[in-house]
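Peer 1: attaching a predicted model along with its sequence, questions to come.
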Amino acid sequence: MKSDFFTYQAQTSPHPLAMEISHANGSYIYDSNNKAYLDFVAGVSANSLGHNHPKVVNAIKNQLDKYMHVMVYGEYIQEPAVELAKLLAKHLPKPLETTYLTNSGTEAIEGALKLAKRFTGRSQIIAAKHAYHGNTMGSMSVMGYEERKQAFRPLLPDVHFIEFNNEVDINTITTKTAAVILETIQGGAGFIEPINDYLQKVKAKCKAVGAVLILDEIQPGFGRTGKLFGFEHYNCVPDILVTGKGLGGGMPIGAFTASKDMMSNLTENPKLGHITTFGGHPVIAASALATVKEITESNVMTEALEKEQLIRKKLKHPLIKEIRGKGLMLAAMTPSADITNEVILKCQDEGLILFWLLFEPKAIRITPPLTISNEEIIKGCDLILKVLDSIS
Ligand SMILES: Cc1ncc(COP(=O)(O)O)c(C=O)c1O
């Protein structure tokens, strides 16, 4: 299987971890030798409720028995997609009331950028340095990391970059600006939180000049930071909200949500302003619906904040300089990329899954399922400490 993996499946990582998966359950993934790995990554923040959560699996199975794909996006009334969009509206502040469901996060970003351009009639997009919003052409255009995108130029024109949390840079937003796109908490950059009411200040400037604020909540969304949406911590409601990852409960999804009035711009001039065959797929929507219900009806969000404290209390070590982030979106910072690499690889050998962040090589990603138990957290943190001891 390993040689077939390297021969037939396209690779873009020079050194894939290449662990052969047998099955997964709760906070554990099992390899083909039945070795158990405690999962501190949750499929890069996607498996909010852990692996094969019974309520999510049942929702998928029930829907499978009824129907799968029947028609392209938005033509037929398919209950799981309608119920999901309705439930999102129930939990979102006004005017975020209408949701377009996509197949991935990056496609939702594309839709949000298109909507902002269409709504404002402007072309300029302002994004943040070190931002990550996905890997298709539009999303890559607003990625704030030149080294990773220069090979794919030309990308979207009229994209400008500001420094996240830099208040002076906010002046770059003018009446020429269609949209400012920001991650609520910068992910790939190293789990950088907005400070000093930064998001509110950006929103105020956008409002003053008639630009649209797009917040990318693909990572912090759906309970990961202890609230359903990260923006709730910073009192800033975006004009367009983009979500994905944890929304799907382990299934591929993305979504962008706006006011009914704004979203109606995708219906005319031109009609069919954004089209997808599989967006809003009933099986995936059923999975997401069960996931959002469970996140909002259980204690996982309040517990995420308690679990954050437990991790911060446990991970005290001379080689951990800082822990960034919020809730169960945490990054432990070591003094060097080499140490981070060693910790991640040695922990994997010891049966603990950790991972990197895209643009911050000193960061160890700790984004376990929200359902992880305190005992599992203690076990994983003890392993990290043991590996750090072996390094120091
Ligand atoms: C903040 C953010 N935006 C967008 C994306 C892209 O989502 P997807 O990989 O589902 O296309 C990601 C994925 O890592 C992300 O973390």
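Peer 2: Received the coordinates, thanks. Numbering: from 1, shown residues only.
Peer 1: need the contact list for whatever residue of the stretch 151-300 of the chain ends up closest to the ligand.
Peer 2: Here the residue of the stretch 151-300 of the chain nearest the ligand is I218; by CB to the nearest ligand atom that distance is 3.7 Å. All C-beta spots, glycine's among them, are computed from the backbone N, C-alpha and C. Going by CB atoms under 8 Å, 6 or more residues apart in numbering, I218 touches 105, 108-109, 133-134, 183, 242-245, 254.
Peer 1: and if we set it to 6 Å?
Peer 2: 105, 244-245 (CB atoms under 6 Å, 6 or more residues apart in numbering).
Peer 1: restrict those residues to contacts with the ligand.
Peer 2: 105, 244 (CB under 6 Å from any ligand atom).
Peer 1: ok so, going back, ok, now how distant is the residue of the stretch 151-300 of the chain closest to the ligand from T102?
Peer 2: Separation of I218 from T102 (CB to CB, to the nearest Å): 11 Å.
Peer 1: go on, V180?
Peer 2: On the measure of CB to CB, V180 and T102 end up 21 Å apart.
Peer 1: what's the answer for P282, then?
Peer 2: According to CB to CB, P282 and T102 sit 15 Å apart.
Peer 1: neighbour count winner among these two?
Peer 2: Legend: neighbour count by other CB atoms under 10 Å for P282 and T102, higher for T102 (27 against 21).
Peer 1: can you give me the pLDDT of S392?
Peer 2: Predicted confidence (pLDDT) for S392: 73.
Peer 1: find the nearest non-adjacent residue to it, please.
Peer 2: Once flanking residues are discounted, S392 sits nearest to L319: 5.7 Å by CB to CB, 6 or more residues apart in numbering.
Peer 1: do you know the pLDDT at the most centrally placed residue in the chain?
Peer 2: By CA atoms, centre = their mean, the chain has its centre lying nearest to Q219, at 2.3 Å. Note for Q219: predicted pLDDT of 97.
Peer 1: repeat for V168
Peer 2: V168 carries a pLDDT value of 98.
Peer 1: the one 4 residues further on now?
Peer 2: For T172, the model assigns a pLDDT of 97.
Peer 1: count the neighbours of the residue nearest to it when sequence neighbours are not counted for me.
Peer 2: Spatial nearest neighbour of T172, excluding adjacent residues (CB to CB, 6+ apart): I162 at 5.4 Å. Neighbour count of I162, defined by other CB under 10 Å: 21.
Peer 1: quickly list what I162 is bridged to.
Peer 2: Per DSSP bridges, the residues bridged to I162 are A128.
Peer 1: so what's it scoring on pLDDT?
Peer 2: I162 is assigned 98 on the pLDDT scale.
Peer 1: H130 versus that one, what's the distance?
Peer 2: Taken as CB to CB, the span from I162 to H130 is 11 Å.
Peer 1: mind checking what secondary structure the residue nearest to the centre of the chain has?
Peer 2: Classification of Q219 using DSSP: H, G, I helix; E, B strand; the rest coil returns coil.
Peer 1: what's the neighbour count on the residue lying closest to it once chain neighbours are set aside?
Peer 2: Nearest residue to Q219, sequence neighbours excluded (CB to CB, 6+ apart): G187, at 4.4 Å. By other CB under 10 Å, 29 other residues sit near G187.
Peer 1: is there proximity between the lengthiest strand in the chain and the ligand?
Peer 2: Assignment by DSSP state E gives strand 177-183 as the longest strand of the chain. Yes. Strand 177-183 reaches the ligand (CB under 6 Å from any ligand atom) through E183.
Peer 1: partners of that strand in the sheet?
Peer 2: Partners of strand 177-183 in its sheet, by DSSP bridges: strand 124-128 (parallel), strand 212-216 (parallel).
Peer 1: give the contact list for the residue of the chain found nearest the ligand.
Peer 2: The ligand sits closest to G105 of the chain, with a gap of 2.3 Å, by CB to the nearest ligand atom. Applying CB under 6 Å, 6+ apart, we find G105 in contact with 134, 218, 244, 254.
Peer 1: tell me if I'm right that the last one and T102 touch.
Peer 2: Yes. Between G254 and T102 a contact is recorded at 4.0 Å, counting by CB atoms under 6 Å.
Peer 1: need the overlap of contacts for those two.
Peer 2: Common neighbours of G254 and T102 (CB under 6 Å, 6+ apart) are A108.
Peer 1: what ranges do the helices span in the protein?
Peer 2: Using DSSP state H, the helices found in the chain span residues 2-8, 42-45, 54-66, 79-91, 105-120, 137-141, 198-209, 260-263, 282-297, 300-314, 337-350, 374-391.
Peer 1: which one of those helices is the most hemmed in?
Peer 2: Greatest average neighbour count among those goes to helix 105-120 (a mean of 25), per mean count of other CB atoms under 10 Å.
Peer 1: next one: that one to chain centre, how far?
Peer 2: From the chain centre to the centre of helix 105-120 is a distance of 17 Å (CA atoms, centre = their mean, to the nearest Å).
Peer 1: can you dump the C-alpha atoms of it in CSV for me?
Peer 2: C-alpha atoms of helix 105-120 as CSV (Å, rounded to 0.1, in the frame of the first residue of the first chain):
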residue,chain,number,x,y,z
GLY,A,105,-13.2,26.2,2.5
THR,A,106,-11.3,27.6,-0.5
GLU,A,107,-14.4,27.5,-2.7
ALA,A,108,-16.4,29.4,0.0
ILE,A,109,-13.6,32.0,0.0
GLU,A,110,-13.9,32.3,-3.8
GLY,A,111,-17.7,32.8,-3.4
ALA,A,112,-17.2,35.4,-0.7
LEU,A,113,-14.7,37.4,-2.8
LYS,A,114,-17.0,37.2,-5.8
LEU,A,115,-20.0,38.4,-3.7
ALA,A,116,-18.0,41.3,-2.3
LYS,A,117,-17.0,42.4,-5.8
ARG,A,118,-20.4,42.0,-7.2
PHE,A,119,-22.1,43.8,-4.2
THR,A,120,-19.7,46.8,-4.2
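Peer 1: and it with strand 124-128, angle?
Peer 2: 140 degrees (axes from the mean of the first three to the mean of the last three CA atoms, to 10 degrees).
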